[in-house]
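1. my questions concern the predicted model and sequence given below.
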Amino acid sequence: MTEDVFVVSAAMIPFGKHRSSSYVGLAVSPLVDALRGAGMEKSDVDAVYVGHSIGGMMTGQRICKEIGLGTVPTVNVDNACSSGATAIHEAWTAISQGLIDVAVVVGVEKLTQFGGGTLPLSPEDREVKQGIVMPAVYAMRATRYLHETEATVEDLALVSVKARKHGALNPFAQFRSEVTVDQVLSARPVADPLTLLMCCPTGDGAAVVVLASERARNRLATPKAIRVAASILHSGEVEEGYRDMTMPEISQHSARDAYAMAAIGPEDLDMIELHDAFSIAELVYYEAFGLAERGRAVDLLRDGKTTFGGDVVVNPSGGLLSKGHPVGASGVAQVAEAFWQLTGVAGARQIEDARWAMTHVTGGGTAGLDHGACTIHIFEGV
Amino acid sequence: MTSKREATVSRPNADLESDSLLGSFPDGPRLVGTKCDRCGRAMIGVRVVCSTCVGTDVSRIELPTTGVLYTFTRLHVGGDGVRILGYVDLDDDVRTLADLRENGTPLQPGLRVELGVDGDNWFFAPVSGATEGQSDD
């Protein structure tokens, strides 16, 4: 018997290059805002889960001590791009099992500490030693996808155009200007066929959500809530030989399990925040999530089915491509977007009558795996 | 007071000894692989355990010098100039990341490719007269 879990508050800073802020500097203000938004005192918090991938030792404790939040367990969670969402999954697990009532989840990352370039991967990995970088992984996925389907580089550009159109409406987004297909295609090449505008930017960010049990939600009279209908975490399965890079099995299986847990299907979703680290990812995930048949993702994109006014708005926030992708923060930021959309405070990007939202992040960069981690959550407005 | 039974002493695997996948074999330099003596799975690199059946009786093998190009990219970041990287499905169903050279044949997924060795560097390039779709399409 598991108990219902609710997100009762969300806060974040706009993603961007916040060079003068430390991990603590990035996270403290949304931490305070999230607690206030929930109408809670720090004494109401039973546990803290902090997702970050490269913040160093005790990042969570360094943040929490700034507001004198101690004694309760603070758990630091690394799962690369899934770090923040994994932290939410851990909080959900503890609350749904009745072990605790209130958890604060922080997602935070500071990528400008590296001065630019691609995300540093583990130097112990075989393919990293050979020179793999994340843009190359997604570029190879794109090469194969374009080889097998009718999709073109213009479709890859169209993903970025949509992301930037959405991001232009989002005060939390790193990029707030629209771009054209021509601008995307003529941008600097990064890894063919991907240009710079088909890649998520380097940036810093922090997002915080508060999760609570039904009991705590009632006791503390939290002003707003959405229900966690599914929380799924999968790990990558090694493949020594042939792998179909156009069908990421880890995301496909995670989505299948999430739909089963929520007892809904892809057709029920009003919005999805998915892991568009590079534009090809969005097309591949339409198919992995069952929104489109194999090879037909471009139909949804070209027909505007996944933007405002369509069947399901994919990445209303602008996604990783436009909102930005401070690795460990992204999974929490996606849930913040779902919270705001389902509670009707998404401003210019509000999806009308949104009831069901799905959030999805992966975490990659390991030889033999499609991705190392995948976290999917489904939320219902209440 | 002593116990007649002792816990197994697990041993570290010196997997950092060599960064190169290229090794010496009677036939010449080849990519190093590992084959599971129990289930027969071939894998890239030096391993001490089979990732399929968890068998620990494994043998060092030379991997095939030919395969099919699954996908590739021209990488413009992270180094000097442009580097072509791709995944090659070797003929014993082992996939490896590899540097690629064109050797006059434009690269495309599905091309038959073969191992080339240039000093300490290795790469794959289209076999002469290669056409697409010889084993994966």
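-> Here it is on my side, so go on.
2. when you work out contacts or count neighbours from here on, use the C-alpha atoms and nothing else.
-> Noted.
3. which residues in the stretch 51-200 of chain A form strands?
-> A:74-77, A:102-110, A:189-191, A:194-195 (DSSP state E, counting those that start in this stretch).
4. report the rounded mean pLDDT for the longest one.
-> It stands for strand A:102-110. Across strand A:102-110, pLDDT averages out at 98.
5. got the residues of chain B near chain A?
-> Within chain B, the positions lying close to chain A (Cα under 8 Å from any Cα of the partner chain) are B:16, B:19, B:42-44, B:51, B:70-78, B:85-86, B:89, B:93-95, B:97-98, B:109.
6. which of these are buried, as a ChimeraX select command?
-> Command for ChimeraX that selects the buried part of the residues of chain B next to chain A, burial taken from 16 or more other Cα atoms under 10 Å in any protein chain shown:
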select /B:42,43,44,51,70,71,72,73,74,75,76,77,85,86,89,93,94,95,97,98,109
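7. now, the residues of chain B next to chain A that are in strands?
-> When those are checked against strands (DSSP state E), the matches are B:42-44, B:70-75, B:85-86, B:89, B:95, B:97-98.
8. neighbours of B:S10, how many?
-> Neighbours of B:S10 under the rule other Cα atoms under 10 Å in any protein chain shown: 6.
9. closest to the centroid, which residue in chain A?
-> Geometric centre of chain A, nearest residue: A:G331, 3.4 Å, by Cα atoms, centre = their mean.
10. and A:L369, that one's in a strand?
-> No: looking at A:L369 with DSSP: H, G, I helix; E, B strand; the rest coil, it is coil, so not inside a strand.
11. who's in contact with it?
-> A:236-239 (Cα atoms under 8 Å, 6 or more residues apart in numbering or on different chains).
12. most surrounded residue in those?
-> A:G236 (20 neighbours).
13. quick check: that one touching A:Q252?
-> No: judged on Cα atoms under 8 Å, A:G236 makes no contact with A:Q252 at a distance of 11.4 Å.
14. follow-up on the earlier one: include distance to A:G51 and mean neighbour count when you put the strands of the stretch 51-200 of chain A into a markdown table, please.
-> Formatted as a markdown table, these follow (distance: least, Cα to Cα, whole Å; neighbours: other Cα atoms under 10 Å in any protein chain shown):
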| stretch | distance to A:G51 | mean neighbour count |
| --- | --- | --- |
| strand A:74-77 | 5 | 22 |
| strand A:102-110 | 5 | 31 |
| strand A:189-191 | 28 | 23 |
| strand A:194-195 | 29 | 27 |
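15. select, out of those, the one closest to chain B.
-> The closest of the strands of the stretch 51-200 of chain A to chain B is strand A:189-191. By Cα to the nearest Cα, the value is 4.3 Å.
16. from chain A, how far off is the residue of chain B most remote from its centre?
-> In terms of distance from the mean C-alpha position of chain B, B:M1 ranks first, at 51.1 Å (Cα atoms, centre = their mean). Applying Cα to the nearest Cα, to the nearest Å, the value for B:M1 to chain A is 40 Å.
17. for B:N13, same thing?
-> Distance of B:N13 to chain A, given as Cα to the nearest Cα: 13 Å.
18. and that residue, what element?
-> Here B:N13 sits in a region with no helix or strand, counting by DSSP states H and E.
19. who's in contact with it?
-> B:V48.
20. pLDDT score for the nearest residue to B:F123 once chain neighbours are set aside?
-> With Cα to Cα, 6 or more residues apart in numbering or on different chains as the criterion, B:F123 has its nearest non-adjacent residue at 4.8 Å, and that residue is B:D99. Note on B:D99: pLDDT of 97.
21. who does B:D99 form a beta bridge with?
-> Per DSSP bridges, the residues bridged to B:D99 are B:L85.
22. before we move on, back to that, want to throw the strands of the stretch 51-200 of chain A into CSV with distance to chain B?
-> Below are the strands of the stretch 51-200 of chain A laid out as CSV (distance: least, Cα to the nearest Cα, whole Å):
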stretch, distance to chain B
strand A:74-77, 26
strand A:102-110, 20
strand A:189-191, 4
strand A:194-195, 9
